[in-house]
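Novice: Mind folding the following:
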Amino acid sequence: MKVVILGSGRGSNAEAILRAQAAGRLGAARVVQIVADRPDAGILALGPRFGVPAAYVDPAPFKTKLEGPGEERFIAAIQAAQADLVVLAGFMRVLKPSFLAAFAGKIINLHPSLLPAFPGLNGIGQAFRAGVKVTGCTVHYVAQEVDAGQIIEQSQVPVMTDDTLESLTARVHAAEHVLLPAVIARLSQTAS
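Specialist: Coordinates of the predicted model:
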């Protein structure tokens with residue numbers, strides 16, 4: 001299973017996937033490309049470290065969604081890599097129907113809450129401010145509505161009475177780094 005990772009930031013979840021791959025824990029999956037929508041995204045530095053091609057693709061003309069010429073460039077880059085699975089790992093753009101159709105049933109996202117609770121931006125902060133006793137992270141298929149696709153798997157993280165937003169964020173991220181590679185490995189087994 002050829003995997004393309006899309007990201008916008010520092011790439012901690014992409015690094016967790018690549019570390020799992022290096023340790024032989026990614027099943028039949030293999031990361032073949034990293035693509036970022038920002039030329040300064042930290043995720044791009046992971047490519048040389050792990051021997052995986054990494055490239056910036058211009059998302060213009062929009063700032064928060066992938067549509068028009070930018071969308072076409074992303075579709076072309078992913079198709080050139082012959083992706084079987086597209087993993088959104090901190091990719092901060094809304095995907096539109098043309099992109100979703102190009103990779104129907106092949107796009108997964110990691111979200112930092114137990115969906116359907118706290119969709120959208122800042123899921124950890126939303127959960128923290130709501131005072132929930134348990135939060136966590138979700139891997140789901142991507143659908144037209146943001147964070148509303150079919151849930152694949154979730155990992156729960158208890159909220160401690162002495163938690164700060166920072167301590168809770170660190171524990172949710174740690175859960176993400178275990179969950180996402182494990183889900184990719186399982187998907188690779190069912191696809192092969």
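
Novice: name the helices or strands packed onto the helix or strand harbouring A174?
Specialist: Taking DSSP states H and E as the definition, A174 sits inside helix 165-191. Secondary-structure packing of helix 165-191 (3 or more CB pairs under 8 Å, 6 or more residues apart in numbering; DSSP states H and E): helix 12-22, strand 85-88, strand 107-111, helix 123-130, strand 134-141, strand 151-158. (C-beta placed from N, C-alpha, C; glycine too.)

Novice: H177 is nearest to which of those?
Specialist: Nearest to H177 among these is helix 12-22 (3.7 Å), distances taken as CB to CB.

Novice: what helices or strands is that closest one leaning on?
Specialist: strand 2-7, strand 30-36, helix 46-50, helix 165-191.

Novice: quick one on the thing from earlier: I'd like the helices and strands packed on helix 165-191 as TSV, with distance to P53, mean pLDDT and mean neighbour count appended.
Specialist: Converted to TSV, the helices and strands packed on helix 165-191 look like this (distance: least, CB to CB, whole Å; pLDDT from 0 to 100; neighbours: other CB atoms under 10 Å):
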stretch	distance to P53	mean pLDDT	mean neighbour count
helix 12-22	12	97	21
strand 85-88	15	98	24
strand 107-111	19	97	23
helix 123-130	30	97	18
strand 134-141	24	98	22
strand 151-158	26	98	16
